[in-house]
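Chemist: Build me a model from this:
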Amino acid sequence: MPEDPQERRRREIEAAPPETSDALIVMQENARKIREESARLKAERDKQEQFQRDRQAAHERAARQVDEEVRAQIFLRVMQTQQAREQEKLQAEASLGPPNPQFRNTQLELEQEAGRRTLARHRGERAASVEKETGKDSAPGTPGFKT
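Modeler: All right, here's what the predicted structure looks like:
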């Protein structure tokens, strides 16, 4: 049975891809270009963001390094100051030496003498005021004897 030419033509038309219009081709081309441009822009943006993150991280590392150096310098100064204070304290204690008993006795005698002078001055002022009031000499006599 020979094949019908119309039927064969119909099958060829069904098997052939449909013809696309020029507008459809242009639209598909524009969509492809937009996708490519979008991917390129996203890649550029990602690259710029990565650059900014790297830059920020470098700044933070530099700041931490400077901060650590400053802290180390301050710590060194504090330690030097404390050591200097301890040295001064030790030198002051060493220069004083052990307490001298003779120095203490001398100091005690000087303080006692100052107290005696003050006491005598107050007794003298009191005796002068009594003499002035009574007109008599109020110098103490020998104890146990009336004058």
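Chemist: For the helix or strand harbouring Val78, what is the distance to the chain centroid?
Modeler: Mapping Val78 onto the secondary structure by DSSP states H and E places it in helix 22-96. Between the mean C-alpha location of helix 22-96 and the chain-wide mean there is a distance of 19 Å, by CA atoms, centre = their mean, to the nearest Å.
Chemist: again, but for stretch 105-118
Modeler: Here stretch 105-118 shows a centroid-to-chain-centroid distance of 55 Å under the convention CA atoms, centre = their mean.
Chemist: Report the backbone C-alpha coordinates of it in CSV.
Modeler: Once non-C-alpha atoms are left out, stretch 105-118 reads as follows in CSV (Å, rounded to 0.1, in the frame of the first residue of the first chain):
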residue,chain,number,x,y,z
ASN,A,105,66.8,58.3,124.5
THR,A,106,68.0,61.7,123.2
GLN,A,107,64.6,62.3,121.6
LEU,A,108,62.8,61.4,124.8
GLU,A,109,65.1,63.6,126.9
LEU,A,110,64.4,66.6,124.5
GLU,A,111,60.7,66.0,124.7
GLN,A,112,60.8,65.8,128.5
GLU,A,113,62.8,68.9,128.8
ALA,A,114,60.4,70.8,126.6
GLY,A,115,57.6,69.6,128.9
ARG,A,116,59.4,70.7,132.0
ARG,A,117,60.0,74.2,130.5
THR,A,118,56.3,74.5,129.6
